[in-house]
Structures are given as structure tokens and as C-alpha cells.
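# Sequence plus the predicted model coming up.
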Amino acid sequence: MKKSASIFMMSLILFIAWTGVHTTVFADEKDSKDKVLTIAHRGASGYAPENTMAAFERAFTMKADMFELDVQLSKDGELVVIHDTTVDRTTNGTGQVKNLTLEELRELDAGSFFSKEFDGEKIPTLGEVLDKYRGKIGILIEIKSPSLYPGIEQKVAEALQERNMDKPNNNKIIVQSFNHESVQTFHSILPLVPTGVLVGYSSNGLSDQILREFSSYADYVNPSKAMIDENLVNRIHAFGLDTHPWTVRDRQSAQALLDAGVDGIITDYPDYIEQK
Ligand code: G3P
Ligand code: CA
């Protein structure tokens, strides 16, 4: 091949290679921006006992973007990860979480109710979960029944501050609650940590006035999936908010939420969120 022809061929190859790299980078940026987050509900609770390290580890290995957990306070004021206000359903013990010390809670088996395979799983502390998963996977912290636990917002804030996890986006932390006063209290303590308001099914829907109010202290409105349609998602977005509805336990619901344009999906089965 003549020298001029070989220079031309080389330039052509370099141009094609550059175009390919450039296109790939652009596509990756677009993908990450448009990606709907998969959020494992109480960990990957379809596959492991809810709110245990086993369920959080399953969410991590399944490559979920985040996992959700529920936090309450023990009798001696420690942040513990459990959904119900009693230990009766998910452990081999009985009684209210708020009436049991951390030591008493840690003696309980929180795995066997799900399957013998998980015999011996413990009720985790929030600190333990943050220490193990910070920077590895996002964590959506639900403050559960805060009216039973005065001061719990301050304690959650301190757990994040102690670990330098109180800055926006660096550790993908969101704090949410059904109790919107609690969300406001948390927001006033750590205004840089993203917050979400949980909303149970309401046939009245969410008015513009309510969405405007939410947008003054929250970043996310997370309704029951039964409330979601494209119109509501567009209205939530119009107020500068994102939405992560709950709780998906079948593939059809997952697809309906994807079609409606949600930003994330809270699910017991992270593998059900299939994005084209
Ligand atoms: O994160 C949403 C979802 O967890 C709310 O319902 O009862 O599972 O805490 P629940
Ligand atoms: Ca929850």
C-alpha cells in the first residue's frame, strides 16, 4: 500500500475508534441518568429474611442500586433495624421493640421465620448496616413509627454524621417516613441529606398544594404503587420531586411503573425490575 493510502487508512481507523468510544461514553452517561433505580425492600426480602444482613447482602450481590430498611429504637436508645413495632412476627421472641434492650433484641433469631437456612440471623443495628455497606450500595432509611420514639431523628442524624455520611449524594442515603413531621424534623437537622415522604393509598390523590408543601422539605414522594399513573408522575416531577413507589412483588406491576416513568421502584424482588 502507498504511504498516502496507509496514512488515510490509519486516520480512518482512528476516527472510527474515536467515534465508537465517544458514542459509548455518551450512551453510558445517558443510561445512568435515565436509569430507574432498583431498591430492595427491607433488603431483598423475597429471597432472605427482611431487614437482616442476609437480605442486605442479597440486595448487594443482586446489584440493586439501593436497599430499604426500617429503623426503630430499643429500650436503651439504640437504633435497630426491624419493621414491626413488636418482634413477634419476624423473630422467636415476643414483645414491643421499645420495651427490649439491644442485648435482648440481639439474642433473638430473626431468620428462622423465613427459612431454616437463615437460622441465627440477628436484628441488625443501623450502625452495623451503615458500616458494612457505606459507599457500596445506596441505603433508603425509613424512620418507622417515630411517634413511639421521641428524638429518633436526631439519633439517625448522629449515626450519619459520625460516619461522615451527612453530605448530599456522596453515599446515596435517603431518609423517609410515613410521618411527615418526622421528615421535616430530620430535614431541619441535616438539610443536605435527601428526604422522602411516604404516602399510603389515598383515593383523593395528591393535590398540587400537598406536592408544593412536600417540595419545601423533601426530595422524593414515595406513594403506594396503586396510586401511580403517568399523570401523577409528571405532576410530581413538575414540583421538582422524584418518586420511588412501593412495593412491587410481581413483574407486571414493575412494568406498569416503568411505563409510568417513575424514578425508582421499591421491590422485594430486585430481579423483577427489567429495563430495556
Ligand atoms: O419503603 C416503602 C415501604 O417500606 C413502606 O411500607 O410497611 O414496608 O414499611 P412498609
Ligand atoms: Ca419500610
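That came through, no problem. Computed from a prediction, not measured in an experiment: that's the story for all the values here. Ligands and ions are numbered 1, 2, ... in the order given.

# Just give me the residue closest to the centre of the protein.
Compute the mean C-alpha point of the chain, and by CA atoms, centre = their mean the closest residue is residue 140, 3.4 Å away.

# With adjacent residues omitted, what lies nearest to residue 92?
residue 109 (4.6 Å; CB to CB, 6 or more residues apart in numbering). Backbone N, C-alpha and C define where each C-beta goes, glycine included.

# try residue 240
residue 215 is the one closest to residue 240 (CB to CB, 6+ apart), at 5.6 Å.

# Can you report how many residues lie near that neighbour?
By the criterion of other CB atoms under 10 Å, residue 215 has 16 neighbours.

# With residue 116 instead?
Residue 116 has 7 nearby residues by other CB under 10 Å.

# So what does the closest residue to ligand 2 within the chain look like in phi/psi?
Closest contact between the chain and ligand 2, by CB to the ion, is at residue 142 (4.0 Å). Main-chain torsions, residue 142, degrees, to the nearest 10: phi -100, psi 120.

# what pLDDT does the closest residue to it other than its chain neighbours get?
Sequence neighbours aside, residue 70 is the residue nearest to residue 142 in space, at 4.9 Å (criterion: CB to CB, 6+ apart). What the model reports as pLDDT for residue 70 is 99.

# what's near enough to touch residue 70?
42, 51, 81, 82, 83, 142, 144 (CB atoms under 8 Å, 6 or more residues apart in numbering).

# Equivalent analysis for residue 124, please.
Residues near residue 124 by CB under 8 Å, 6+ apart: 51, 52, 53, 56, 80, 81.

# Do you have the helices of the stretch 101-250 of the chain handy? List them.
102-106, 126-133, 152-162, 180-189, 208-215, 230-238 (DSSP state H, counting those that start in this stretch).

# Dump those helices into a markdown table; add mean pLDDT and distance to ligand 1 as well.
Converted to a markdown table, the helices of the stretch 101-250 of the chain look like this (pLDDT from 0 to 100; distance: least, CB to the nearest ligand atom, whole Å):
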| stretch | mean pLDDT | distance to ligand 1 |
| --- | --- | --- |
| helix 102-106 | 98 | 18 |
| helix 126-133 | 98 | 15 |
| helix 152-162 | 98 | 15 |
| helix 180-189 | 98 | 13 |
| helix 208-215 | 98 | 16 |
| helix 230-238 | 98 | 16 |
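
# Make CSV from these and add distance to residue 251 to it.
Shown next, in CSV, are the helices of the stretch 101-250 of the chain (distance: least, CB to CB, whole Å):
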stretch, distance to residue 251
helix 102-106, 35
helix 126-133, 27
helix 152-162, 33
helix 180-189, 31
helix 208-215, 29
helix 230-238, 19
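
# Relative to residue 119, which of these is closest?
Relative to residue 119, the nearest member of the helices of the stretch 101-250 of the chain by CB to CB is helix 102-106, separated by 15.3 Å.

# what comes up buried for the closest one?
Using 16 or more other CB atoms under 10 Å as the test for burial, helix 102-106 gives 102, 104, 105, 106.

# Helix or strand: which one has residue 259?
helix 251-260 (DSSP states H and E).

# The helix or strand following that helix and ligand 2 in contact?
Sequence order places strand 264-267 as the next helix or strand after helix 251-260, per DSSP H and E. No: using CB under 5 Å from the ion, strand 264-267 never reaches ligand 2; the gap is at least 8.1 Å.
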